[in-house]
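> any chance you could fold what I've pasted below:
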Amino acid sequence: MNRYIQLAIFVFCVHIGGILTSQAQTMESLRADLQRLSETPGYQKDTAFLIKANELGFMLAESNPDSAFIFLDKQIQWCRSAKYKRGEAEALKIYGNACQNKGDFKRSIRYYEDALIIANSLLDGKLVPGILNNIGLVYYNLGNYGEALQNFYKAIKGAEKVNNLNVKASVLNNISLIYVEQGKLEEAIANYREALVIYSSIGNRGRMILAYNNIGDVALMQNKLDEALENLKIGHESALVMQSPEYIEMTARTIAGVYLAFDSLDKAESFYRKSIAIAKENGYGVPYAQSLIGLADLLYKKGNRKEALTIATEGLKEADTMGQTIQLRNANGLLAKIYEDEGNIPEAFKRFKVFKQFNDSINNLQSQRVAASLESEYAFSKKTLEFEKASQQQRWIIFSAFAGLLTFLIILFIIAHNKRILNKAYQKLQEKTVEIENKNETLEKTLNQLQSTQSQLIQSEKMASLGELTAGIAHEIQNPLNFVNNFSEVSNELIDEMNAELDKGDIEQAKSISTDIKQNLEKINHHGKRADAIVKGMLQHSQSGSGVKEPTDINALADEYLRLAYHGLRAKDKSFNATINTDFDQRIGNINIIPQEIGRVLLNLYNNAFYASSAKALATSDSNYKPTITISTRKMGEKVEMRVGDNGTGIPQEIVDKIFQPFFTTKPTGQGTGLGLSLSYDIVKAHGGELRVETKEGEGSEFIIQLPSRIEGI
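Now for the predicted structure:
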């Protein structure tokens, strides 16, 4: 066995459909469903209960095999008692999966074979390909390549028949294990990439991680270290997002090997220890042994012989429990070197003898595999030659018997026949061409209609945001106009007073009044400019935008649109009040943006925050609840971060991934286009930034905008 045997342990049958947010959440959800179903009398015989129980058993088999055995023993009995054959077959197969995770290959195949008998008795045959694939994997782990390939090819044929893409991709992965054994690394990596495409198309994130891991491992074998690390980082980060212990362990172990090849021993040690901790906690026998011995070898290279001896001894014990030939060889070889360095020659010699025995055994096994491969190639070549020889003799007899005129007639017949076939093919081709042209014309019309509709919807969204501004602007512009009117009236009265004083000859009093008039005129000028700025802002927002950037005070922009949004909502609902907290970082200064575009983003986020807090205020019975909106800006190195938070209703976890999709809205029909957040996301992306959300249902949401402090182009 090599490292691919350990990786392949995680390649099981069909996964539970759907994209998992996290394993822990999914398992808790399944337990809740089972608890609800178990409240019905006779629940052990209810099909819905048994299906959910199998789903939970599957996840336990992957994350904690020991607990899965206890649960699945009960589940198999429940299915038999209910005479639910499909559920029994599925439970037996999952039991085999758990055995594989523990490294108990011989026990797992017994459960797979029992599951296969039941699956073959079912009419649709949908369970058969996955079970055959798992049986083939067991035979591969046991070194029986002939049986492994036979089951793999049956599995992939069955998967195509029932259109099971998960099993097809899994079989491609497993066949690649044999390619790796044969040194056909390019063929192996091509299969892994094809499997990755399939897993991506069906949204199977777990198996996408496996594909990235395997591509990275083969690249490591090819000494393409940068390519290996790139693929493995993608897989490891995805595993962390999924919170999947088996995939985190697997990718961490493989990344450790890459860093070891880079001679980055500290990084390699960190990933080995992560792999060991996860494998030990979850009972992953094979990966646990491999990572222990890998870490011990690394510590030996760093000169830490004492800890290397302890960990290598533990790895040897684990490998011996499962009969892992390669790891037994590696552990004994490493221990022999450690004991020799410490001067314990008898123990070093003892370990070297065991190392030699295992090494010879592995070499013999590899020789047998090479011989079997050569024997198969020879048998195939021999049959090909016999066929070609028989065909040649047959052609000679026909040629001799039908010489002369008959040969000529046959040629004429063939020509005429081929001509008829070509004519029919040409006619069909012409018909297909016309059909394709008609379809293309229809598609072009449909595309034009969709583009037109999209433009109309985007314009509607922009006009909707403009409408939100109008009420706020009306309130905002009224204040400076009131000042202008009031100071104008006062100034008229002061002019009358000044004229009266001039008539009296009191020049000093007249000058004093003229000073007041001048101050009033300055205030009129100030508030006039304020009104002018508000009008210009409205005009900028209503324009489609030329894409021209300009230095903008982001704090002033955020504050301006906050007041407009709040006054706009108050104009529609006089009863609404909210506490607004702002925290603007004055270190930011100006950044180069399109202000009307970022203004649209802020207005949309403010309106959503006010809407959420207003909705919660109407729905809650808590008299102490006060709608609160929090806006902050912060300079973070080369980035500027803006946060818009509320204490409203929050966003349900199941729809968080959809809120930035076009036309998706949680508002009632007629109150939202579903384009606001989508357009905001596109605008921020066009500025080279990022828009994301942090939310908790029932407690509120916070939208975070990150923009580069210097934007070179949009």
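> CA atoms for contacts and neighbours, from now on please.
Noted.
> helices or strands up against the helix or strand containing Leu406?
Counting by DSSP states H and E, the element that carries Leu406 is helix 405-504. Counting by 3 or more C-alpha pairs under 8 Å, 6 or more residues apart in numbering; DSSP states H and E, the packing neighbours recorded for helix 405-504 are helix 507-542, helix 554-572, helix 595-619.
> quick check: Leu605 touching Ile705?
No: with contact taken as C-alpha atoms under 8 Å, Leu605 and Ile705 are classed as non-touching, separated by 10.2 Å.
> now the strands for the chain?
Listed in chain order, the strands found in the chain under DSSP state E are 550-553, 579-583, 590-593, 628-636, 639-646, 690-696, 700-708.
> need these in TSV with mean pLDDT, can you?
Output for those, formatted as TSV (pLDDT from 0 to 100):
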stretch	mean pLDDT
strand 550-553	90
strand 579-583	93
strand 590-593	90
strand 628-636	94
strand 639-646	94
strand 690-696	93
strand 700-708	94
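> could you dump those strands to CSV with mean neighbour count and distance to Ile517?
CSV is the format used below for the strands of the chain (neighbours: other C-alpha atoms under 10 Å; distance: least, C-alpha to C-alpha, whole Å):
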stretch, mean neighbour count, distance to Ile517
strand 550-553, 14, 33
strand 579-583, 13, 37
strand 590-593, 20, 36
strand 628-636, 19, 40
strand 639-646, 21, 43
strand 690-696, 16, 51
strand 700-708, 21, 47
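> as JSON lines, those strands with distance to Lys432 would be great.
Listed next are these as JSON lines, based on distance: least, C-alpha to C-alpha, whole Å:
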{"stretch": "strand 550-553", "distance to Lys432": "55"}
{"stretch": "strand 579-583", "distance to Lys432": "65"}
{"stretch": "strand 590-593", "distance to Lys432": "52"}
{"stretch": "strand 628-636", "distance to Lys432": "60"}
{"stretch": "strand 639-646", "distance to Lys432": "56"}
{"stretch": "strand 690-696", "distance to Lys432": "47"}
{"stretch": "strand 700-708", "distance to Lys432": "51"}
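> which one of the ones you listed lies closest to Asp226?
When the strands of the chain are compared for distance to Asp226 using C-alpha to C-alpha, the nearest one is strand 690-696, at 27.1 Å.
> what's that closest one packed up against?
Strand 690-696 sits against helix 676-686, strand 700-708, with contacts defined as 3+ C-alpha pairs under 8 Å, 6+ apart.
> can you list those in TSV and add distance to Leu225?
Rendered in TSV, the data for the helices and strands packed on strand 690-696 read as follows (distance: least, C-alpha to C-alpha, whole Å):
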stretch	distance to Leu225
helix 676-686	32
strand 700-708	32
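> so which of the ones you listed gets nearest Gly648?
When those are compared for distance to Gly648 using C-alpha to C-alpha, the nearest one is strand 700-708, at 4.5 Å.
> what residues does the closest one touch?
Contacts to strand 700-708, defined as C-alpha atoms under 8 Å, 6 or more residues apart in numbering, come from residues 605, 609, 612, 638-651, 684, 687-695.
> now stretch 221-236
Contacts made with stretch 221-236 from outside it, assessed by C-alpha under 8 Å, 6+ apart, are listed as 185, 208-210, 212-213, 215-220, 247-248, 251-252, 254-255, 258, 261-262.
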